[in-house]
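Enquirer: model this:
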Amino acid sequence: MGQFIKSKKYTGVSYSLLKNNDRSYYISYKINGKFTRIHIGKQSEGVNEAFCHQKRNDSINSIKFGDGSPVVNTKKK
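Expert: As a prediction, the model looks like this:
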């Protein structure tokens, strides 16, 4: 895999360029001081930066308010 390139428009969204000139998108955030990066999908699958930004917001809100999320699997104390 290559290096991660941060989105200039959306916070916490990054992508990696693949050998076939495709982009693989990731979201990142911190939970309890622990850095987390989650793969969302590829550009060829229809994923874009705006979609990743929305998924990141949904994930962070589900952690804050205690809802279960299919993207984020964390244990609550």
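
Enquirer: Go through the worst-scoring helix or strand of the chain on mean pLDDT and flag the buried ones.
Expert: Every helix and strand of the chain was ranked by mean pLDDT, DSSP states H and E. The lowest is helix 49-65, at a mean of 89. Within helix 49-65, the residues that count as buried by 16 or more other C-beta atoms under 10 Å are 49, 52-53, 55-56, 58-60, 62-63. Backbone N, C-alpha and C define where each C-beta goes, glycine included.

Enquirer: Nearest to G12, out of the residues you listed: which one, please.
Expert: Comparing these against G12 with C-beta to C-beta places R56 closest, at 5.0 Å.

Enquirer: Hmm, K30 and the closest one touching each other?
Expert: No: checked against C-beta atoms under 8 Å, the pair R56 and K30 is beyond contact range at 11.9 Å.

Enquirer: number of nearby residues for D22?
Expert: Look at D22: counted by other C-beta atoms under 10 Å, it has 13 neighbours.

Enquirer: how close does it sit to F4?
Expert: The gap separating D22 from F4 is 15 Å, by C-beta to C-beta, to the nearest Å.

Enquirer: distance between stretch 48-62 and the chain's centre?
Expert: The chain centroid and the centroid of stretch 48-62 are separated by 7 Å under C-alpha atoms, centre = their mean, to the nearest Å.

Enquirer: I meant stretch 5-14, not that one.
Expert: The chain centroid and the centroid of stretch 5-14 are separated by 10 Å under C-alpha atoms, centre = their mean.
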